[in-house]
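Trainee: give me coordinates for this.
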Amino acid sequence: MSGQSFECGNNWMSAWRTVDVPEIEALSRSVFLRSQKLPARHGFPMHTHPWNQFVYATTGTLMVTIEQARYVITPEQAIWIPTGVRHTTTALSDVEFRNLYVEDLPNLNMPADCSVLAVSTLLRSLILELAEVEQKSDHSEYRDHLDAVILVQMSRLRKLDFFLPWPHSSHLREICEVLYAHPDEPRDITEWASRAGMSARTLSRHFNAETGMSLRVWRHRLRVFRAVELLSAHWRVTDIALELGFSSASAFTYAFRTEMGCSPTEWIAR
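Mentor: Modelled structure (predicted):
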C-alpha cells in the first residue's frame, strides 16, 4: 500500500489512501472472481483492464469514478465497466469485494457502455457460491455450469437510472464530501455558495451541469443512499431518521418510500 493521497482538496477526504491494483496478466477463466476487503477511504488509482469488470461488493458502499462520472453504489447495485474504460473504485465505508472479470465473449449480451445494474438476489447468491468454490479450488464441471449461469443472470439484470452522480470540480466535490459525511448538515445553497466563493445562482448552474440535478434533489438522493447503507448495517429506522437529519421517523419513511417504492421496513424484508 502506497502513501499517496487522492486529489480531493484540503478537506476531510484528503487522507484517502491508494491501494495497488492487483497484477493479473491474463484471466484463467472466462469469468474470473477476485475477492478483497477494502477499508473505508481507501481505493485504487485510475486504471484500465483488457477485459470487462462487474464491480460489486457484498457489503459496504463504493464510489466508482469513470472519466468525469462518479457513482455511489450499495450492495443492491453493481457497475458494468466494458473493456478498456479508465476507472477507479474507492470505499466510502468498509467493503468486501466480490468483483467479476469477464472476457469479451461472443453473445455476451451486456451493455456497451458503463451501466449501473440492479443485482438480483439470485445473482448475489451465485457470486457468493462462486467464492466458496474458489476457496475449495474446485475447477470441476460444476464450476463451468456456475460460470454459465452467472453470465446468463448478469445479462438479465435491470439497468438503473437511480444512482448518485458525483461532481468533478474541487469546490463542488468538497460540498458533496461534507454532505456525505454529515447528511444532517443544515446549510442551504446560499450558505454553500458563500463558502465556495460564488453566488447561489452560479453554484446551482455548475452543480446541475456536473451532476444533472439540483443540489436539493442531489441531497435528497444522498439521504436515500445513506439510508440504504445504514439499513444494511442493521440500524433502527428511528436512529437513521435522526442521523440523516429528518424531523421524524415518519418523515424519513415518506422520503424513502417516494424514491424506493417501499418503506424502510419493507425494504429490509425484501
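Trainee: so for the helix or strand encompassing I79, what's the average pLDDT?
Mentor: Using DSSP states H and E, I79 maps to strand 77-81. In this model, strand 77-81 has a mean pLDDT of 94.
Trainee: for N99, grab phi and psi.
Mentor: phi -70, psi 150 (degrees, to the nearest 10).
Trainee: and the helix or strand that contains E134, what does it pack onto?
Mentor: Here E134 sits within helix 121-135, counting by DSSP H and E. Contacts defined by 3 or more C-beta pairs under 8 Å, 6 or more residues apart in numbering; DSSP states H and E place helix 121-135 against strand 31-38, strand 57-59, strand 95-102, helix 141-155. In short, each C-beta sits where N, CA and C put it, glycine included.
Trainee: gap between it and the chain center?
Mentor: 20 Å (C-alpha atoms, centre = their mean, to the nearest Å).
Trainee: then stretch 172-182?
Mentor: 16 Å.
Trainee: which of the helices and strands packed on helix 121-135 is buried the deepest?
Mentor: Of the helices and strands packed on helix 121-135, the one with the most neighbours on average (mean count of other C-beta atoms under 10 Å) is strand 95-102, at a mean of 22.
Trainee: list the contacts of it.
Mentor: If you take C-beta atoms under 8 Å, 6 or more residues apart in numbering as the criterion, strand 95-102 is touched by 24, 27, 30-38, 49, 51-62, 108, 110, 127-128, 130-131, 150-151, 154.
Trainee: could you list the low-confidence segments of the stretch 151-270 of the chain?
Mentor: Where the stretch 151-270 of the chain drops to pLDDT under 70, the residues are 270.
Trainee: show me where it has helices.
Mentor: For the stretch 151-270 of the chain, applying DSSP state H, counting those that start in this stretch gives helices covering 170-181, 189-196, 200-211, 215-232, 237-243, 249-260, 264-269.
Trainee: out of those helices, flag the one nearest P75.
Mentor: In terms of C-beta to C-beta, the element of these nearest to P75 is helix 215-232, at 6.2 Å.
Trainee: OK, contacts around the residue lying closest to S115 once chain neighbours are set aside?
Mentor: Sequence neighbours aside, W80 is the residue nearest to S115 in space, at 4.9 Å (criterion: C-beta to C-beta, 6 or more residues apart in numbering). Applying C-beta under 8 Å, 6+ apart, one finds that W80 lies in contact with N52, Q53, F54, V55, M110, P111, C114, S115, L117, M154.
Trainee: partners of W80 in the sheet?
Mentor: Beta-bridge pairing for W80 (DSSP bridges): F54, S115.
Trainee: great, nothing more from me.
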